[in-house]
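K.L.:
Turn this into a structure:
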Amino acid sequence: MTRRLSLSTLGPGLLIAATGVGAGDLITASLAGSEVGVIVAWAAVAGALLKWTLNEGIARWQMATGTPLLEGWILRLHPIVQWAFLVYFLLWSFVVGGALVNACGVAGASLLPIGDPNTSKIVWGIAHSFLAIVIVLRGGFKWFEGAMGLCVGVMVLGVIVTAGMLAMSPAPVPATVPASMGFSRWALAVLGGVGGTVTLLSYGYWIADRKRSGTSGLVECRIDLGVGYTMTALFGVSMIVIGSRITISGRGAGVALDIARQIETLLGPIGHWIFLLGFWGAVFSSVLGVWQSAPYLFADFVALRRAPTSRRPALGEVDNRRAYRWYLVALGSISLVWLWAPVRTIQLIYATVGAAFLPLLAVTLLIMNNRRKWVGDLRNGWAVNALLVATLLVFSYLGIAGIAE
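P.N.:
Prediction:
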C-alpha cells in the first residue's frame, strides 16, 4: 500500500522542478513569448509531459532493480553507451554551467548593479557560483534542501504572481506573427529546456533515502513527479505569458532588467521587484540543483568503474568521495569563462545541447524497461511506450532542426 503523501514525500519532485525551471529557461521562455507570442506556450506543457515520461522511466527502473539508471547503463548495456555518455556529460556540464552562471549574473545585475551591466553580470555570476559551492560542499543535503525550498517560495511569488497580474492587465498584447524558422527555433528552446535534461538522472539519487520500491514506490514517484512537472509547466507558461505582454528589446546582461522595467510600466514598482526576486529564485535554485547533482553522477560513474557494485559506496555516501568534491569545484570554476559570452548565444547552445541527450535517454528506457528479465512486472505498458516513442521522435526532430537553423 502506498504511504500517505506528505511534503517530505513530494520533496524529490519539487527538487526536480526547481532544478529544471530557472536559469536560461526563463530567459528563453520570455524571449520566445515576446518574439512568437503565446502560441509557443504548448511547448512548455508538452515539454513537461515528455520530461515526466522520461523521469517516470528512470524511477521505474530504480523501483524494479534497486539501482540508479546510470548503474544499469554501465552494467547492462554495451560499453559504448557509458563512454558516449561520459563524453557528452563533460560537454554538457561545461555548457549548462555557463548558461546557469550567466543567468545568475543577469539576475544579480538586475537586483543590485555593480558598475556597467556586463561587469555586474560577471561579478554576480562568479559570486553565485561560489556561494552554491559553499552551500553544497559545506552544508550537505540539509542546507541544499533548505536553500532550494527558499528559492521555490520566491519563484512562486515572483514569476507566477507576475504572470497572473499581467494576464489580468488591460494593456494590449503585442501582435506577433511567428515566422516558420523563428518559431521552430524558439519551440526547440522552450521544449528542450523546460524540465531539465541530464539532471533528470538526479531523481534516482534524491529518492534513495525514501525507501521506495516495487509498484507502490512507482505510484509514489508518479505522483511526486506529477506535482513537480505541473509546477514546471506552470512556470514555463508564466514566462511565455510575461514575454507576450511586452516587447523585449534588451540584450545580454540587461535582458531581465528590461523585462522588469516594462512590467513596471504595467504593474508599477511592486511588479518590477516581485518579478526580479522571482527570477532570481528560479535561476539560483537551478544552479544549486546542478551543482549538487552533476558531481553525484560523475562520482558514481567513477565509483562504478573502479569497483563492483557490491563494494561501491551507498548512494547517499557518494557526495563524500573525492571525485564529487573535485568535480563540484571544477564545475563551479571552469564554467565561469562563459560569463564573457553573449546571453542569447549561450542560452540557445544550452537548449540544443540539452535536447541532444533526451533521445538517448528515451531509447535506453525503451530497451531496458521492456525486458521482463530485468524489471519483472514493472516493465512498460503500451501507453508509456507510446509516450517514450513520441519523446524520441519529437526531441530528435527538434534537435536536428535547431542545429540546422
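K.L.:
Quick check: which ranges of the stretch 101-250 of the chain have low pLDDT?
P.N.:
Along the stretch 101-250 of the chain, segments meeting pLDDT under 70 span 170-184, 192-193, 249-250.
K.L.:
can I assume Y350 is in contact with S93?
P.N.:
No. Using C-beta atoms under 8 Å, Y350 makes no contact with S93, being 11.5 Å away. Placement of C-beta: from N, CA and C, glycine included.
K.L.:
Compare those two and say which is more crowded by neighbours.
P.N.:
With neighbours defined as other C-beta atoms under 10 Å, Y350 and S93 compare such that Y350 has more, 28 against 21.
K.L.:
Please name the nearest non-neighbouring residue to that one.
P.N.:
Spatial nearest neighbour of Y350, chain neighbours left out: A99 (3.8 Å); criterion: C-beta to C-beta, 6 or more residues apart in numbering.
K.L.:
Need the three-state assignment for the one you found.
P.N.:
helix (DSSP: H, G, I helix; E, B strand; the rest coil).
K.L.:
Would you agree it is in contact with W338?
P.N.:
Yes. Look at A99 against W338 with C-beta under 8 Å: they come within range, at 7.1 Å.
K.L.:
who's more crowded, these two?
P.N.:
A99 (31 against 24).
K.L.:
contact partners of stretch 47-58?
P.N.:
16, 20, 68-69, 190-196, 200-201, 203-204, 218, 221-222, 225-226, 229-230, 232-233, 236, 358, 361-362, 365, 369, 380, 384, 387-388, 390-391, 394-395 (C-beta atoms under 8 Å, 6 or more residues apart in numbering).
K.L.:
Derive a ChimeraX selection command for the buried subset of those residues.
P.N.:
Buried residues among these (16 or more other C-beta atoms under 10 Å), as a ChimeraX selection:
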select :16,20,68,69,190,191,192,193,194,195,196,200,201,203,204,218,221,222,225,229,230,232,233,236,358,361,362,365,369,380,384,387,388,391,394,395
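K.L.:
Common neighbours of A99 and W338, please.
P.N.:
I346.
K.L.:
tell me the contacts of F94?
P.N.:
F94 touches I334, S335, counting by C-beta under 8 Å, 6+ apart.
K.L.:
let's number from 452 now, not from 1
P.N.:
Noted, 452 is the first residue going forward, which turns the last one into F545.
K.L.:
Model confidence score at it, please.
P.N.:
F545 is assigned 89 on the pLDDT scale.
K.L.:
Return the set of buried residues in the helix or strand where it lies.
P.N.:
Applying DSSP states H and E as the criterion places F545 in helix 530-562. Residues of helix 530-562 classed as buried: 532-533, 536, 540, 543-562 (neighbour count, 16+ other C-beta under 10 Å).
K.L.:
rewinding a little: common neighbours of Y801 and S544, please.
P.N.:
The contact lists of Y801 and S544 share no entry, where a contact means C-beta under 8 Å, 6+ apart.
K.L.:
Pick out the residue closest to the middle of this protein.
P.N.:
The residue lying closest to the centre of the chain (C-alpha atoms, centre = their mean) is G471, at 2.0 Å.
K.L.:
per-residue pLDDT, that one?
P.N.:
77.
K.L.:
so what's the closest residue to it other than its chain neighbours up against?
P.N.:
Leaving aside its sequence neighbours, G471 sits nearest to G647 (C-beta to C-beta, 6+ apart; 3.2 Å). Taking C-beta under 8 Å, 6+ apart as the criterion, G647 is in contact with I467, T470, G471, K502, G805.
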